[in-house]
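Student: A structural model of the following input is requested.
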Amino acid sequence: MPIYRCRWPNGDFSFVSAVNKEVAVEALDEVDNAEGCPLSIVSDFMVHFRLADDGTFEFESFGEATEEALWQAYPMLDQTVNQILKDDPGFELHGSSTQEQEQRIRDAVKKEQERVKPRPVKQPQTQLGQDIKRAMDAPTSMIDREIRKKTAERLKNFKGEGKPN
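Tutor: Below you'll find the predicted structure:
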């Protein structure tokens, strides 16, 4: 099953395993509505966690291929960090850095947070679905499926009057 990376408009990202993008968007609804957000398949995924003494899991690192896939989603930040590394080969992102380097990174992060805008999304097929979407901001596919399901249940029990034409 593919693993999708969702690049949220605020700069955050999420990973989800799903059979297709529609199912991925529905699963990501646990975080927020991912409709219109860039979703990409990550072919090589690896993440490491450490079991802490208090019984919690602490993020350790991403695998090399996963980290590379992440940087691809942040081209302005990647370019800035690579330029800093070119100017200062001893630079470490989580190590000591100058105020100027830190400011360049903060500026790149701000640009990344503003760069991605959600694409327009397909609206639900019915007025009821559109009303539900406005109220809940749920994925259109999920709303349409539930409305079809409830409609089929109601029609199954429908007893019309007279003979059908």
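
Student: Now do the contacts for residue 57.
Tutor: Contact analysis of residue 57 by CB atoms under 8 Å, 6 or more residues apart in numbering lists 49-51. Where C-beta positions appear, they are placed from N, C-alpha and C, glycine not excepted.

Student: So which of the residues you listed belong to strands?
Tutor: Of the contacts of residue 57, the ones assigned to strands by DSSP state E are 49-51.

Student: how about the helices of this protein, start to end?
Tutor: Counting by DSSP state H, the chain has helices at residues 21-28, 64-72, 75-87, 99-115, 127-136, 140-156.

Student: Name the residues of the last one that are buried.
Tutor: Residues of helix 140-156 classed as buried: 140-144, 147 (neighbour count, 16 or more other CB atoms under 10 Å).

Student: Pick the one among the residues you listed closest to residue 40.
Tutor: Proximity of the buried residues of helix 140-156 to residue 40 (CB to CB) peaks at residue 141, which lies at 18.8 Å.

Student: coming back round to it: need the ones in strands among the contacts of residue 57 in TSV (columns: distance to residue 132).
Tutor: Formatted as TSV, those follow (distance: CB to CB, whole Å):
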residue	distance to residue 132
49	37
50	42
51	42
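
Student: quick check, nearest of those residues to residue 21?
Tutor: Relative to residue 21, the closest of these is residue 49; by CB to CB it sits at 26.7 Å.

Student: OK, contacts around the closest one?
Tutor: For residue 49, the contact set (CB under 8 Å, 6+ apart) comprises 57-60.

Student: same thing with residue 88?
Tutor: Counted by CB under 8 Å, 6+ apart, residue 88 has contacts residue 101.

Student: and it, backbone torsions?
Tutor: phi -140, psi 90 (degrees, to the nearest 10).
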